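J.: Just to be clear, the model below is a prediction. Sequence and coordinates:
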Amino acid sequence: MMTVLPFQKTGVVVFLGGMLLVGNSVAAGLDLQNGAEVYGETCVACHGENGKGEIPGVPDFTSKDGPLSKSDEILIRNVTNGFISPGAVMEMPALGGNPDLTQQDVKDVIAYLRKTFQK
Ligand code: HEC
């Protein structure tokens with residue numbers, strides 16, 4: 001009989017856990033890794049590593065009733081087209097100012113925002 005060492009069991013659990021996470025994202029057609037890359041390349045300069053906003057006028061993603069309380073549909077539209085709320089000091093540029101971003105990139109980065117910053 002083969003001896004199963006404790007670390008082997010842990011390995012199996014970690015592996016299965018990883019598969020579940022990947023499975024969920026794939027089921028929804030979302031790639032969180034891509035979302036993280038898009039955020040790091042295009043969004044972080046204004047929105048910050050911690051999602052709280054680097055510049056005055058940039059909203060706090062971690063705030064409970066902040067932007068992430070809106071639906072995906074609205075967020076996708078506002079990130080894609082850009083927007084400015086009434087009286088705001090600064091606008092959100094269309095696609096964060098990066099015309100190379102695809103609709104998939106936008107969906108992925110919003111999924112990443114929710115996973116990383118939403119309270
Ligand atoms: C030049 C700075 C800048 C960059 C770059 C930028 N944003 Fe923004 N973003 C803003 C500002 C400013 C607002 C708030 C605008 C307002 O409320 O009028 C905002 C708002 C948002 C919102 C809230 C939308 C809503 O409906 O309330 C989301 C989501 C968002 N940004 C995502 C992103 C993503 C994703 C990227 C990268 C692809 C990005 N931003 C890049 C400045 C920026």
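T.: Cool, the structure landed.

J.: now the residue minimising distance to the centre of the chain: how far from S85?
T.: Geometric centre of the chain, nearest residue: Y112, 1.7 Å, by C-alpha atoms, centre = their mean. Distance from Y112 to S85, counting by C-beta to C-beta, to the nearest Å: 23 Å. For glycine as for every other residue, the C-beta is placed from the backbone atoms N, C-alpha and C.

J.: Report all helices and strands that the helix or strand encompassing V38 contacts.
T.: According to DSSP states H and E, V38 maps onto helix 32-38. Packing contacts for helix 32-38, counted by 3 or more C-beta pairs under 8 Å, 6 or more residues apart in numbering; DSSP states H and E, involve helix 103-117.

J.: Enumerate the positions of the helix it packs on that are buried.
T.: D105, V106, K107, D108, V109, I110, A111, Y112, L113, R114, T116, F117 (16 or more other C-beta atoms under 10 Å).

J.: before we move on, what about stretch 51-60?
T.: For stretch 51-60, by 16+ other C-beta under 10 Å, it's G51, G53, V58, P59, D60.
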